[in-house]
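J.: Need a 3D model of the sequence below.
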Amino acid sequence: MDNAQFVYRHQAEYFRSETYVAFLDQVMLPTFYRRGHRVFLIQDNVSYHKKQETYQWFASQRRHLEVFQLPPYWPELNAAERVWHYTRKEATHNRYFEQPVDLCHALFRTFRHVQRHPESIANLIRPFC
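T.: Prediction:
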């Protein structure tokens, strides 16, 4: 995990297949794809992961990306669930935010911390590596 990175994209509107594909195309692939290698993406079963538009994008990126679907209703296999639990604990649990922007700032501070100190979540995701 020496070369692990935590990436995200601030999404002000609801996440749907178009915004998910934009994240994959603009953030995930440029960050992790290296010529001659493939990115292995493990995703849960949220509805926009399984939309026709998303599948079409996956098909167009087949040489760069291989997608694995987690079994339905199995959050203990989903590393993202552990990271979200950490994020809630560190940034939002038992806190009041006057404005949505205040919530965003708290989340961004936590995300920046994880980016600078990936060891803070290493034990959470180690079982998945």
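J.: Quick one: list the elements packing against the helix or strand hosting Leu103.
T.: Assigned by DSSP states H and E, Leu103 belongs to helix 100-116. In terms of contacts (3 or more CB pairs under 8 Å, 6 or more residues apart in numbering; DSSP states H and E), helix 100-116 is packed against helix 79-87, helix 119-125. Every residue, glycine included, has its C-beta placed from N, CA and C.
J.: export those to TSV and tack on distance to Gln56, mean pLDDT and mean neighbour count?
T.: Output for the helices and strands packed on helix 100-116, formatted as TSV (distance: least, CB to CB, whole Å; pLDDT from 0 to 100; neighbours: other CB atoms under 10 Å):
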stretch	distance to Gln56	mean pLDDT	mean neighbour count
helix 79-87	23	87	15
helix 119-125	30	87	14
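J.: For Phe111, which of the ones you listed is the nearest?
T.: With CB to CB, the closest approach to Phe111 among the helices and strands packed on helix 100-116 belongs to helix 79-87: 7.7 Å.
J.: Return the list of helices and strands in contact with that closest one.
T.: With contacts defined as 3+ CB pairs under 8 Å, 6+ apart, helix 79-87 has these neighbours: helix 100-116, helix 119-125.
J.: quick one: which of the ones you listed has the weakest pLDDT on average?
T.: Lowest mean pLDDT within those: helix 119-125, at a mean of 87.
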